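Peer 1: Just the structure for this:
(chains A and B)
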Number of protein chains: 2
Amino acid sequence: MRTAPDLDVTAIEAARRREAELTKPAGSLGRLEELAIWLCGVQGRCPPDPLDRITLVIFAGDHGVAEVGASAYPPAVTAQMVANFLAGGAAANVLASQAGVRLRVADVSVAGDHPWPDAVRRWHVANGSGRIDVTDAIPVETAVTAMAAGRAIADEEIDAGTDLLIAGDMGIGNTTPAAALIGVLTGRTAGEVTGRGTGVDDQAFARKRAMVTAAIRRGTPWRDDPVRLVAAIGGADLAAMAGFLAEAADRRTPVVLDGVVTGAAALLAERLTPGARRWWVAGHRSTEPGHAIALAELGLPPILDVGLRLGEGTGALLAVPILRAAAATLTHMATFASAGVSGR
Amino acid sequence: MRTAPDLDVTAIEAARRREAELTKPAGSLGRLEELAIWLCGVQGRCPPDPLDRITLVIFAGDHGVAEVGASAYPPAVTAQMVANFLAGGAAANVLASQAGVRLRVADVSVAGDHPWPDAVRRWHVANGSGRIDVTDAIPVETAVTAMAAGRAIADEEIDAGTDLLIAGDMGIGNTTPAAALIGVLTGRTAGEVTGRGTGVDDQAFARKRAMVTAAIRRGTPWRDDPVRLVAAIGGADLAAMAGFLAEAADRRTPVVLDGVVTGAAALLAERLTPGARRWWVAGHRSTEPGHAIALAELGLPPILDVGLRLGEGTGALLAVPILRAAAATLTHMATFASAGVSGR
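Peer 2: Predicted coordinates for the structure are as follows:
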């Protein structure tokens, strides 16, 4: 198994030295200092690039569990929300626009025929997925194709010169496979990893927990085989996201992770490419209980904790200005020497 | 005692209704939704104004405790950092520039004569302050003058059309009076409210705690008299910040609070104008232990918790993009009806 490349140690050391010279008490910018040092490590230069070219890719797919009440919304909303992204009306559009981030949608596994532009439909590899409590989400060969599609999407963006990637999700029912994957990959129970997703009522929540319990049981034999695992209890969209995240690390491109669905994909990607997590930061911690568990397993403390549970990349987009602020302080602050300020 | 004006209930109700119509599960944007509703309440309109004109005022002042080792830095650094702000090299300059926020420095009580522009020096009311463990910081009449100066600065900015104000601090030693004020106003001990500020070593930390203990004892008789209290154990800069924060509320202008020094000033301002806190949000929680205590007393949960302990307004500046994102989602997202997305 190929491991992820290392971050640039020389740039990290240069960043640490520079942090110590800036006109502020050492460590007083807290997480900003860590993020600035990390940016130097992933970019291989100090001071870091200002992150002008950031792309969010939203991976859309349907999930069989939504047909049997895993979500507060009907399955048709997945395709309706893809149309909403294309029209610019979703939360992700607004936050991407605020943050100066380009937004791209990939229909990996939305059910049905849709007249979307080729750029959206090109990587369509499945029409939804099976009910993971009773059957496989997708055939193994589709999981392989979907992972390759995610890698190809990452390659396109990296080749076009992106500085940083974000993966977002859209799929009614997708917090059910996310919870099941996190359960298997962290050894937790459905009770620990299952949340209310879009906001299901008590009855639907009980049903969802039961589906996650069954899916965890079905997936556990494949704990050490991420391709078979995502085929059994994930879906093509999650497979594509995992490929995308692994490829970003392979290609030395930093990523801001979003919520619980991206978190599940990140756990898969870390199995595909051990060490990939060094190339990622966690944009936020969502209120879905499985997300905190996934981030703890990955060793990635969230930048934000503001009660989001929307997905679409929204929590990662909110963290972008903080990353840019981190880069800017390391690049533009005066040093004690240059400003004539006395050190301690 | 005059209480602060109420927020606009009609605009808040309109914002709540609009939040429920946007293409996302209800509540899924978490804190962003609360902030958007609050912005409508303070602005008296829905959707809210995009916050194009934001001003940070940094209140600079010296503190007698710094002469006896309360800080890791020598007192001369206060004036040197004012010069650094004017030259654009401090963290606050870089983060203000990133966030599109105007930065203004007010030398309220920096010790010594300095050849700064009139706009910086105009509200200078004291040359430093006394050692608050053994004597008053400033005379009561100076506290009155400083509070009026802070109110005048707020008035200038509000009259010039600012949408939102931020108060920042600069003053070597200023976390000592901040801790003492928070101790008196929340009934806590020096052990609970005292932190390492710029990063003092164990010996200096013990000395600082002893000074805070003595100052809390000196200030406790004035617990219900904010003017006498800030004169006894605060300083002119803290008095000016308190006046500034109270005036913002009186003038229906929202504020993003910064760290522990602003937090102490906010506790004073809430005593000056009960209910003023409804016009403020907490930009972040610093690592100074007194800050969390002050925010809890004010009932203001922080937006960010990223390990900052710098002051200067930096934590508030980092929260600005999140406030703007909150406003943008409420203003620009599509509704279920307009986007043709099915509700639950």
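Peer 1: tell me, how many neighbours does the nearest residue to A:Ala239 once chain neighbours are set aside end up with?
Peer 2: Distances taken as C-beta to C-beta, 6 or more residues apart in numbering or on different chains place A:Ala146 nearest to A:Ala239, at 3.8 Å, with adjacent residues excluded. Bear in mind the C-beta positions are built from the backbone N, C-alpha and C, glycine included. Residue neighbour count, defined by other C-beta atoms under 10 Å in any protein chain shown, stands at 32 for A:Ala146.
Peer 1: Quick check: phi and psi at A:Ala146.
Peer 2: The phi/psi pair for A:Ala146 (degrees, to the nearest 10) reads phi -70, psi -40.
Peer 1: How about the one 10 residues further on?
Peer 2: When quoted as degrees, to the nearest 10, the phi and psi of A:Glu156 stand at phi -60, psi -50.
Peer 1: Next, count neighbours for it.
Peer 2: 16.
Peer 1: ok, back up a step: check contacts around the residue nearest to A:Ala239.
Peer 2: A:Ala146 is in contact with A:Val108, A:Ser109, A:Val125, A:Ala126, A:Ile138, A:Ala236, A:Asp237, A:Ala239, A:Ala240, A:Gly243, counting by C-beta atoms under 8 Å, 6 or more residues apart in numbering or on different chains.
Peer 1: let's see it at 6 Å
Peer 2: Residues in contact with A:Ala146 (C-beta atoms under 6 Å, 6 or more residues apart in numbering or on different chains) are A:Val125, A:Ala236, A:Ala239, A:Ala240.
Peer 1: Among these, which one lies nearest to B:Ser28?
Peer 2: A:Ala240 (23.0 Å; C-beta to C-beta).
Peer 1: hey, where'd the strands end up in the stretch 51-200 of chain A?
Peer 2: Ranges of strands in the stretch 51-200 of chain A, per DSSP state E, counting those that start in this stretch, are A:54-61, A:102-109, A:164-170.
Peer 1: Mind putting these into TSV with distance to chain B?
Peer 2: TSV is the format used below for those (distance: least, C-beta to the nearest C-beta, whole Å):
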stretch	distance to chain B
strand A:54-61	14
strand A:102-109	14
strand A:164-170	11
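Peer 1: how close does the closest residue to chain B within the stretch 51-200 of chain A sit to B:Ile132?
Peer 2: Distance from chain B to each residue of the stretch 51-200 of chain A (C-beta to the nearest C-beta) is smallest for A:Gly89, at 2.7 Å. Distance of A:Gly89 to B:Ile132, computed by C-beta to C-beta, to the nearest Å: 56 Å.
Peer 1: For those two, indicate the residue with more neighbours.
Peer 2: B:Ile132 (29 against 22).
Peer 1: That one is in contact with B:Ala215, isn't it?
Peer 2: Yes. Between B:Ile132 and B:Ala215 there is a contact at 4.4 Å, judged by C-beta atoms under 6 Å.
Peer 1: Common neighbours of the two, please.
Peer 2: Joint contacts of B:Ile132 and B:Ala215 (C-beta under 6 Å, 6+ apart) are B:Ile233.
Peer 1: and stretch A:82-100, which residues are buried?
Peer 2: Going by neighbour count (16 or more other C-beta atoms under 10 Å in any protein chain shown), the buried part of stretch A:82-100 is A:82-85, A:88-99.
Peer 1: Just flag the most distant two among the residues you listed.
Peer 2: Across the buried residues of stretch A:82-100, the longest distance by C-beta to C-beta is 22.4 Å; it joins A:Ala83 and A:Ala99.
Peer 1: What about A:Asp62? Give its phi and psi, please.
Peer 2: Torsion angles, degrees, to the nearest 10, at A:Asp62: phi -100, psi 160.
Peer 1: same thing with A:Val255?
Peer 2: phi -130, psi 140.
Peer 1: ends of stretch A:262-282, how far apart?
Peer 2: The first and final residues of stretch A:262-282 sit 10 Å from each other (C-alpha to C-alpha, to the nearest Å).
Peer 1: is that stretch anywhere near chain B?
Peer 2: No. Stretch A:262-282 stays clear of chain B (C-beta under 6 Å from any C-beta of the partner chain), getting no nearer than 12.0 Å.
Peer 1: Can you tell me which residues in the stretch 151-300 of chain A are near chain B?
Peer 2: Counting by C-beta under 6 Å from any C-beta, the stretch 151-300 of chain A sits next to chain B at A:Thr198, A:Gly199.
Peer 1: what are the ranges of the helices in the stretch 151-300 of chain A?
Peer 2: Taking DSSP state H, counting those that start in this stretch to define them, one finds helices in the stretch 151-300 of chain A at A:175-186, A:190-193, A:202-219, A:226-233, A:236-250, A:260-272, A:289-298.
Peer 1: can those go into a markdown table with extra columns for mean pLDDT, distance to B:Gly340 and mean neighbour count?
Peer 2: Putting the helices of the stretch 151-300 of chain A into a markdown table (pLDDT from 0 to 100; distance: least, C-beta to C-beta, whole Å; neighbours: other C-beta atoms under 10 Å in any protein chain shown) gives the following:
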| stretch | mean pLDDT | distance to B:Gly340 | mean neighbour count |
| --- | --- | --- | --- |
| helix A:175-186 | 98 | 24 | 30 |
| helix A:190-193 | 98 | 33 | 19 |
| helix A:202-219 | 97 | 24 | 19 |
| helix A:226-233 | 98 | 32 | 26 |
| helix A:236-250 | 98 | 22 | 31 |
| helix A:260-272 | 98 | 24 | 28 |
| helix A:289-298 | 98 | 30 | 22 |
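Peer 1: okay if I get those helices as JSON lines plus distance to B:Thr273?
Peer 2: As requested, those are exported to JSON lines (distance: least, C-beta to C-beta, whole Å):
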{"stretch": "helix A:175-186", "distance to B:Thr273": "45"}
{"stretch": "helix A:190-193", "distance to B:Thr273": "46"}
{"stretch": "helix A:202-219", "distance to B:Thr273": "44"}
{"stretch": "helix A:226-233", "distance to B:Thr273": "57"}
{"stretch": "helix A:236-250", "distance to B:Thr273": "50"}
{"stretch": "helix A:260-272", "distance to B:Thr273": "42"}
{"stretch": "helix A:289-298", "distance to B:Thr273": "39"}
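Peer 1: Get me the contact residues on the stretch 1-150 of chain A for chain B.
Peer 2: Contact residues (C-beta under 6 Å from any C-beta) of the stretch 1-150 of chain A with chain B: A:23-25, A:28-31, A:72-74, A:76-77, A:80, A:84, A:89-91, A:94-95, A:98.
Peer 1: If we use 8 Å, what do you get?
Peer 2: Neighbours of chain B within the stretch 1-150 of chain A, by C-beta under 8 Å from any C-beta of the partner chain: A:22-32, A:72-74, A:76-77, A:80-81, A:83-84, A:87-91, A:93-95, A:97-99.
Peer 1: Just confirm A:Asn4 contacts A:Trp280, I think it does.
Peer 2: Wrong residue type there; residue A:4 is Ala, not Asn. No. With contact defined as C-beta atoms under 8 Å, A:Ala4 does not reach A:Trp280; the gap is 9.9 Å.
Peer 1: Which one of those two is surrounded by more residues?
Peer 2: Counted by other C-beta under 10 Å, A:Ala4 and A:Trp280 do not tie: A:Trp280 has more neighbours, with 25 against 21.
Peer 1: what sits opposite the more buried one in the beta ladder?
Peer 2: With DSSP bridges as the criterion, A:Trp280 is bridged to A:Val255.
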